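Chemist: My questions are about this predicted structure, shown below with the sequence.
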Amino acid sequence: MARPPSRARGLRYSGTVKAVRIGLLGVGTVGAAVAKAIATRGDVLARASRATLVVQRAAVRDPAKERGLSLDRVTTDPLEVVRADDVDVVVELLGGEEPAFGLMKEAIERGKPVVTANKRVVSWHGPELHDLAARKGVELRYEAAVGGGIPLLAPLADDLAANRLLELRAIINGTTNYILTQMAGGSSFQDALARAQKLGYAEADPSDDVDAVDAADKLAILVRIAFGVSCTPKEIFREGVRALDPIDLAYGREMGYALKLLAIARRGEGGIEARVHPAFLPADHPLARVDGARNAVHLLGDLCGPVMFSGLGAGGDATASAVLADLTHVARRLALGDPVEPPRPGHTGLPVLPMDEVRARSYLRLSVDDVPGVFAQITHVLAELGIGLASVIQREPVSGQADVVLMTYAAREAALREAQRRLAALPTTRSVRARIRVEESRT
Ligand code: NAP
Ligand code: HSE
């Protein structure tokens, strides 16, 4: 619905452009893209925000570093920026937990709205920051924290608000999606990671990407907004891509699957599943075709049915687009003198379910001795645990050793983990080379 004219609500916005002064904490990949966009597309931003955005002050670690832009009043002390009287809104783009968290608290305490892309701080401390912001009557916005340039959190909170969300499956780490895409094309893990770092996709510590820490942070934020569940990354099962072998990508392809690092949240019996791990997806699923640094979130709502958001999940300009969306929202409110929206009702009380209760199909690859009776032992282990076997592939043995690939029917995680342990202990098993969970097209 169209917004009522300001005059109707007693405001006297006359089209005069007000300056909104930004304190920019961090001028790295994202901060530099934000500053450049403000310098080069003032007209677009002024139209959207009814204000002139001005980078008033900025903080960096090394002021001598070449950044391809000129900024006034640059300091190495971010607290000085937060406390400055001539800063109206703080944009935090430092990354990491501290000092970012403390700086955001300080800004809010001082009645300054905060815009951030910092999923680490929001995933762990979002509720505390929201409480503080509500008490101080200021805005806290973080569209860029999940999905880079994809408009995601605002549509989830507003446009899909009438839905009871049933399921969310997402590719929300650009670095690992880029790595898996490159590995599927024959690159080594290390080469692909180095390229992702060079392109500005990776976190300062890339193990946050590779070990799925970043994706778990983002999923915690999504679960809170999409399912109304109180959740931090601590409750989220997490497994990264470090141990993946290109052989399994090839076997998966042969069986009609693509391998992705998936963040999954699903309404289950008495709670919500929340997990991040590599997963095989049917090759015809829309998420299976999301390649490179692109991200996508596929949702199933009880009214809207399946909906997918996709786009660039990492990179300076794409992320700046989301930061600037939040900034224009804040600036418009400041320019029009609109009130801050009061906090929405709290969470539903649903718990995050333990990973052991999750049911999924599994792909298992075993290296076994080429001797009679191997299959009988394997099927005996699975039958004892009530796990159905859907298919088996065995290659011609080489030097008395063979690869056996098993695809199970859906079973509880606890049973599958026990099966992995017992299969590894069989006298004819040399090693269990891989266990990868499998997602169905529709659940
Ligand atoms: P980055 O390139 O490492 O930039 C960080 C900036 O903060 C640099 O300018 C650095 O100064 C400055 N900085 C860090 N610690 C500081 C301190 N203690 N005092 C003063 N300055 C400090 O990081 P980024 O990739 O732009 O990421 C920024 C945030 O956006 C992170 O929360 C990240 O997770 C999030 N994010 C990034 C992307 C992406 O694609 N890169 C996408 C979505 C969200 P120097 O330049 O002098 O070192
Ligand atoms: N390192 C993150 C990624 C940046 O690769 O997705 C965007 O949040």
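Modeler: Received the coordinates, thanks. Ligands and ions are numbered 1, 2, ... in the order given.
Chemist: residues of the longest helix belonging to the chain that come out buried?
Modeler: Criterion DSSP state H: the longest helix present in the chain is helix 316-336. Across helix 316-336, burial judged by 16 or more other CB atoms under 10 Å covers 316-336. C-beta coordinates here come from the backbone N, C-alpha and C atoms, glycine included.
Chemist: what does stretch 148-165 give?
Modeler: 148, 149, 150, 152, 153, 155, 156, 160, 163, 165.
Chemist: And the pLDDT for the residue of the chain found nearest ligand 1?
Modeler: Closest residue of the chain to ligand 1, CB to the nearest ligand atom: residue 28 (1.8 Å). With respect to pLDDT, residue 28 scores 96.
Chemist: just checking, what packs against the longest helix of the chain?
Modeler: Other elements packing on helix 316-336 under the criterion 3 or more CB pairs under 8 Å, 6 or more residues apart in numbering; DSSP states H and E are strand 18-25, helix 29-40, helix 42-49, strand 51-59, strand 89-92, strand 114-116, strand 140-141.
Chemist: just the angle between it and helix 29-40, please?
Modeler: 60 degrees (axes from the mean of the first three to the mean of the last three CA atoms, to 10 degrees).
Chemist: which neighbours does the following helix or strand past helix 316-336 have in its sheet, and in what orientation?
Modeler: Where DSSP states H and E defines the elements, the next helix or strand beyond helix 316-336 is strand 359-369. Paired neighbours of strand 359-369 in the sheet (DSSP bridges): strand 401-408 (antiparallel), strand 411-412 (antiparallel), strand 429-438 (antiparallel).
Chemist: which residues sit against the second one?
Modeler: Okay, so that is strand 411-412. 356, 357, 358, 359, 360, 361, 362, 385, 386, 387, 388, 419 (CB atoms under 8 Å, 6 or more residues apart in numbering).
Chemist: The fifth one contacts residue 438, correct?
Modeler: Think residue 360. Yes: counting by CB atoms under 8 Å, residue 360 does reach residue 438; the two are 6.4 Å apart.
Chemist: Can you pull the residues that touch both of those two?
Modeler: The contact sets of residue 360 and residue 438 overlap at residue 279 (CB under 8 Å, 6+ apart).
Chemist: and ligand 2, which of the buried residues of stretch 148-165 reach it?
Modeler: residue 148 (CB under 6 Å from any ligand atom).
Chemist: Mind checking which of the buried residues of stretch 148-165 land in helices?
Modeler: Counting by DSSP H, the buried residues of stretch 148-165 place residue 153 in helices.
Chemist: Now flag whichever of the buried residues of stretch 148-165 is closest to ligand 2.
Modeler: The shortest gap between ligand 2 and any of the buried residues of stretch 148-165 belongs to residue 148, at 5.2 Å (CB to the nearest ligand atom).
Chemist: Excluding chain neighbours, what is closest to the closest one?
Modeler: Nearest residue to residue 148, sequence neighbours excluded (CB to CB, 6 or more residues apart in numbering): residue 313, at 4.1 Å.
Chemist: What are the boundaries of the strands in the stretch 201-350 of the chain?
Modeler: 237-238, 257-268, 271-282, 294-301, 305-312 (DSSP state E, counting those that start in this stretch).
Chemist: Sheet partners, orientation included, of the first one?
Modeler: According to DSSP bridges, strand 237-238 forms sheet pairs with strand 271-282 (parallel).
Chemist: and the partner strand with ligand 2, contact?
Modeler: No: using CB under 6 Å from any ligand atom, strand 271-282 stays clear of ligand 2, with a minimum separation of 12.2 Å.
Chemist: Taking strand 294-301 as reference, get the angle to that strand.
Modeler: 130 degrees.
Chemist: can you tell me the average pLDDT over strand 271-282?
Modeler: 97.
Chemist: Centre of the chain to it, how far?
Modeler: Its chain's C-alpha centre and that of strand 271-282 lie 13 Å apart, by CA atoms, centre = their mean, to the nearest Å.
Chemist: Looking at stretch 151-159 now, give me its mean pLDDT.
Modeler: Here the average pLDDT along stretch 151-159 is 96.
Chemist: And ligand 1, is that stretch touching that?
Modeler: No: for stretch 151-159, no contact with ligand 1 is found by CB under 6 Å from any ligand atom; the gap never falls below 11.7 Å.
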